[in-house]
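>>> return a 3D structure for these sequence lines:
(2 chains)
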2 protein chains.
Amino acid sequence: MNEECDGKCESCSKADACTDPKKERYMEQQALKLRMSKIKHKIAIISGKGGVGKSTVAANLAMAFAVHGYVNRVGILDIDIHGPCIPKLLGVKDRRYQVSPLGLGALPVIGPMGIKVVSMDFLLQSQETPVIWRGPLKMQVIKQFLSDFMWGELDFLFIDVPPGTGDEPLSVMQLIPEMDGTVIVTIPSEVSEDVVKKAVSFSRQMNVPVIGIVENMSGFTCPKCGAEINILGVGGGEKISEEMDVPFLGKIPMDPRISEDSDRGMPFIIGHADTPAAKAFKEIVRKIGRFLEDRERLESPPKPSPREEGS
Amino acid sequence: MNEECDGKCESCSKADACTDPKKERYMEQQALKLRMSKIKHKIAIISGKGGVGKSTVAANLAMAFAVHGYVNRVGILDIDIHGPCIPKLLGVKDRRYQVSPLGLGALPVIGPMGIKVVSMDFLLQSQETPVIWRGPLKMQVIKQFLSDFMWGELDFLFIDVPPGTGDEPLSVMQLIPEMDGTVIVTIPSEVSEDVVKKAVSFSRQMNVPVIGIVENMSGFTCPKCGAEINILGVGGGEKISEEMDVPFLGKIPMDPRISEDSDRGMPFIIGHADTPAAKAFKEIVRKIGRFLEDRERLESPPKPSPREEGS
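Presented below is the predicted three-dimensional model:
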């Protein structure tokens, strides 16, 4: 082991024969950087509070972009290690990963519209198997999901992050410092408000822009009599966005058809495209698209015109 | 530092002057054991999946037992470090801990009916402050919640455990090996089913009995026209309990009044005692009570009658 190793293998003459653990870490980091450099936009879907429909929003976002011009150009990474839902929501449950024949890495599972899916779920023996892991092991597997999988060239990677501001969200933010932004999902109740404000602060502390807040399960219309009932309240997400000065992306009403669609592995924007929920979702997708366009424009300012150059 | 320290301070002549970290760990363990030995029943409310109403179930359970014969004899420990909700649900938000004047420990916040409440929430500067912590720090704070707080003599301690099967649930199960059992909360949808099965397996792997499954947000009755609508499906909890051979405790229907009560810090079994939800909850409480009685009976078998002794 080279005592003076600086972990910069490209400048080391002994790299080929080296067994220093630093080399492994360096190679892993390089692989991660390389894989991520081929993905144009990375967006984390976070929530603070669980059960707000974060995975449903993530799956529908991936589907919306795939359908509208990005077939085979979208990936979704499910880093909910203990309760992965994305495979079920995209109808690819019970699949398994394949390994590249050339040993270059593992291949994501291919979902509808060519969406590339990576999730802990594909590694579990049965649905009843709990993953009883502490943080360091979770950090390691998230790193491998990013570095060891052959994501290929993509326009979008959506990352479904489990609730809270602990190991998983922290790991993914540190591993992908170039994250475009976070979409924060909430339900309208006050109890959830407090927790979601923490998610906004978390995103800011990590220096990742908040693209905006989605208020899910917002109001309910009785399918029999048309009465409007606010089962979990309404307006909580809008209130947070005002109080914390972040964009509001939209409200998705409660609808039994969303849960039915989720259970049969069909994103509701496809399964029930004409519902108020799907229409609201399209508007959310449009706003996220515009955020990314604005960001691109800011990052690569237009070249000065000849007249300006000459003046 | 004593190189041969076995961490058993009572048998060591140098204990008073000792600065070995083992001594600190030993003292902490002894304090934890002592505090927990004074609490008759400890029940963890777990879920696997977030947002299923686990904290609502925990807060209402504490209230139900406190109201029915156990005033000042119930505690609730909220180990959701990232999104603590219990203080809000019991109407004691914005309170702060007091420290015992004799330096014997911190005092839990006293909630309604003398319920002793310990939560990360009471330590946060503002509602927007996220707790960006990895696992080891969370383990440490959970240990302190159990060992450094003056719980006193209690009949019940309900522990609200955040979703998943990671650091927090693992820590609390290891710290309280004598846990009476777990109450597993779910919503009826299929997506949640898979995750809840993991919680059942987790409880079994930890050698903690599953007291039973509660199916929350189960069906909805339109308050205007009386139509029954299964917003998130119905029967998922019952199905899991059959498939995994664990008791089914009951179904709590969706009701906008539950969310309203939660937002104003009033457990719904008190705020709306006559609703179908509150009635269903009372039946759940009865079943948990019976489980604990049966367990006590099994642990302390009746003394043999004189005739049996003589025979």
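
>>> for chain A, which segments count as helices?
In chain A, the helices defined using DSSP state H lie at A:21-37, A:54-67, A:86-89, A:135-147, A:167-175, A:190-205, A:236-243, A:256-263, A:268-271, A:276-299, A:306-310.

>>> tell me, how many neighbours does residue A:32 end up with?
18 (other Cβ atoms under 10 Å in any protein chain shown). To be clear about C-beta, it is placed using only N, CA and C from the backbone, and glycine gets the same treatment.

>>> so who does it touch?
Counting by Cβ atoms under 8 Å, 6 or more residues apart in numbering or on different chains, residue A:32 touches A:143, A:146, A:147, A:175.

>>> the last one and residue A:146 touch, don't they?
Yes: with contacts defined as Cβ atoms under 8 Å, residue A:175 counts as touching residue A:146 at a distance of 5.8 Å.

>>> quick one: which of the two has more around it?
residue A:146 (26 against 19).

>>> which residue, other than its chain neighbours, is closest to that one?
Residue nearest to residue A:146 in three dimensions, not counting chain neighbours: residue A:32, with 5.1 Å by Cβ to Cβ, 6 or more residues apart in numbering or on different chains.

>>> distance check, that neighbour against chain B.
19 Å (Cβ to the nearest Cβ, to the nearest Å).

>>> quick one: pLDDT of that residue?
With respect to pLDDT, residue A:32 has a value of 95.

>>> what is the burial count for the nearest residue to residue A:200 once chain neighbours are set aside?
Closest residue in space to residue A:200, ignoring its immediate chain neighbours: residue A:244 at 4.8 Å, by Cβ to Cβ, 6+ apart. Residues contacting residue A:244 under the criterion other Cβ under 10 Å number 17.

>>> quick one, what contacts residue A:244?
For residue A:244, the contact set (Cβ under 8 Å, 6+ apart) comprises A:197, A:200, B:128.

>>> can you check residue A:86 too?
Residues near residue A:86 by Cβ under 8 Å, 6+ apart: A:55, A:58, A:59, A:76, A:78, A:80, A:117, A:119, A:121, A:160.

>>> ok, residue A:158 next?
A:43, A:45, A:58, A:61, A:62, A:74, A:75, A:76, A:77.

>>> run the last query once more with 7 Å
By Cβ atoms under 7 Å, 6 or more residues apart in numbering or on different chains, the contact list for residue A:158 reads A:43, A:45, A:58, A:61, A:62, A:76.

>>> got the residues of the stretch 101-250 of chain A near chain B?
A:127-135, A:138, A:162-167, A:170, A:189-191, A:194-195, A:197-198, A:201-202, A:205, A:222-225, A:227, A:229-233 (Cβ under 7 Å from any Cβ of the partner chain).

>>> pull out the buried residues from those residues.
With burial judged by 16 or more other Cβ atoms under 10 Å in any protein chain shown, the buried subset of these is A:127-128, A:130-135, A:138, A:162-167, A:170, A:189-191, A:194-195, A:197-198, A:201-202, A:222, A:229-233.

>>> pretty sure residue A:96 contacts residue A:121?
No: judged on Cβ atoms under 7 Å, residue A:96 makes no contact with residue A:121 at a distance of 10.4 Å.

>>> the more surrounded of these two?
residue A:121 (24 against 7).

>>> tell me how far that one lies from residue B:195.
Separation of residue A:121 from residue B:195 (Cβ to Cβ, to the nearest Å) stands at 10 Å.

>>> likewise for residue A:67?
Taken as Cβ to Cβ, the span from residue A:67 to residue B:195 is 27 Å.

>>> ditto for residue A:186
20 Å.

>>> residue A:78 now?
Residue A:78 is 12 Å from residue B:195, by Cβ to Cβ.

>>> run through the stretch 1-150 of chain A and note the low-pLDDT ranges.
A:1-4, A:7 (pLDDT under 70).

>>> neighbours of residue A:89, how many?
Neighbour tally, residue A:89, other Cβ under 10 Å: 30.

>>> distance check, residue A:237 against chain B.
The value you get for residue A:237 to chain B, if Cβ to the nearest Cβ is used, is 14 Å.

>>> then residue A:145?
Distance from residue A:145 to chain B, by Cβ to the nearest Cβ: 16 Å.

>>> check residue A:254 too.
Residue A:254 is 6 Å from chain B, where distance means Cβ to the nearest Cβ.

>>> could you pull up the contacting residues of residue A:97?
Per Cβ under 7 Å, 6+ apart, neighbours of residue A:97: A:106, A:107, A:109, A:122.
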